[in-house]
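[1] task: produce atomic coordinates for the following.
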Amino acid sequence: MVAGMSLKRIFAYIAIVLLIPAIIVVFAAVLPKSLFMPVAVLIALTAVLAFMLGFEKEADNASKAVLVAVFTALSVAGRVVFAATPGFKPVFSIAIFAGIYLGGEAGFLVGALTALISNFVFGQGAWTIFQMFSWGLIGLAAGLLAPLLRKSKVALCIAGALAGPLFSLIIDVWSTVWIYGTFSLKTYLATTLASLPFTILHAISNVVFLLLLAEPMRKAMARVTVKYALMTSGESLKRRSKI
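    Coordinates of the predicted model:
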């Protein structure tokens, strides 16, 4: 994978998997929790930078930026529309589709921006930072696994089911600190166990939304790709593999 990546994309992934977690660790360990909003904005800006570093074809840049905005708007709207059903929302699935069709950097950005923007409705707090990272990470992973997820609905469903526990494992770090005032393995396991029903619901809802949206999303992205001559994530991977 790394051998087929441009230097800019390698830096993009470094920003996402190293720099953003470092920002979160510094916030959690050192900074006052009242600074959550500047930290969230810093993470969003870092995600935007990573997305821009991931550009490979000049002609694709504007189209991908517009599509990221569309995916983010759909994700935010989906979270608001399903506000009455906690744990049952299309956020995960839309971040996954963004990663599959636009690349991991785009998937991360859609997930991160969804948390930041939608929490102006649901409430901002230190948890926003962990939601940004967890939803973004799911989009990033989908981008890395794009060829497999585009080809197999079984793999897509498995990825969606696993996204639920991944989200819980990350967000429960903050939940543990918030509930107990400190972090330990014992309190973390207790929090994770208490959130198990929501984790299961997340996994089920992810599979449901992925199955419902897979074909409409494939057709929509096929039309967009033809209309704007856009190189999608899967096509990009194929092209690099031939070099």
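
[2] low-confidence ranges, this protein, go.
    Counting by pLDDT under 70, the chain contains low-confidence ranges at 1-5, 56-60, 226-243.

[3] in it, which spans are helices?
    Ranges of helices in the chain, per DSSP state H, are 7-14, 20-29, 36-53, 60-81, 91-102, 104-122, 126-144, 146-151, 153-180, 185-194, 196-228, 233-241.

[4] need the winner for burial among those helices.
    For the helices of the chain, average neighbour numbers computed from mean count of other Cβ atoms under 10 Å are highest in helix 91-102, which has a mean of 30. Where you see a C-beta, it was placed from the backbone N, CA and C, and this is true even at glycine.

[5] just how off-centre is it within its chain?
    Mean C-alpha position of helix 91-102 versus that of the full chain (Cα atoms, centre = their mean, to the nearest Å) differs by 7 Å.

[6] identify the residues contacting the spatially most central residue of the chain.
    With distances taken as Cα atoms, centre = their mean, Gly136 lies nearest the centre of the chain, 2.4 Å away. Residues in contact with Gly136, defined by Cβ atoms under 8 Å, 6 or more residues apart in numbering, are 16, 20, 47, 95, 107-112, 115.

[7] out of those, flag the one nearest to Lys151.
    Nearest to Lys151 out of the contacts of Gly136 is Gly107 (Cβ to Cβ; 17.3 Å).

[8] so the closest one is in contact with Gly143, correct?
    Yes - assessed by Cβ atoms under 8 Å, Gly107 is found in contact with Gly143 at 4.7 Å.

[9] list residues touching both of those two?
    99-100.

[10] how near is the residue nearest to the centre of the chain to Ala155?
    21 Å (Cβ to Cβ, to the nearest Å).

[11] go on, Ala62?
    31 Å.

[12] same deal with Leu113?
    Counting by Cβ to Cβ - Leu113 and Ala155 are separated by 26 Å.

[13] what does Val26 give?
    Per Cβ to Cβ, Val26 is found 36 Å from Ala155.

[14] likewise for Leu201?
    Leu201 is 22 Å from Ala155, by Cβ to Cβ.

[15] tell me who's in contact with Leu31.
    Leu31 touches Val39, counting by Cβ under 8 Å, 6+ apart.

[16] backbone dihedrals for it, both of them.
    Main-chain torsions, Leu31, degrees, to the nearest 10: phi -80, psi 150.

[17] got the contact list for stretch 169-185?
    28, 126-127, 129-131, 133-134, 137, 187-188, 190-192, 195.

[18] whoops, I mixed them up, stretch 156-167
    Residues outside stretch 156-167 that contact it (Cβ under 8 Å, 6+ apart) are 92-93, 96, 134-135, 137-138, 141-142, 145, 149, 199-207, 209-211, 214.

[19] which residues touch Asn61?
    By Cβ under 8 Å, 6+ apart, Asn61 lies in contact with Phe55.

[20] scratch that, Tyr13 is what I was asking about
    By Cβ under 8 Å, 6+ apart, the contact list for Tyr13 reads 5, 50, 104-105, 140.
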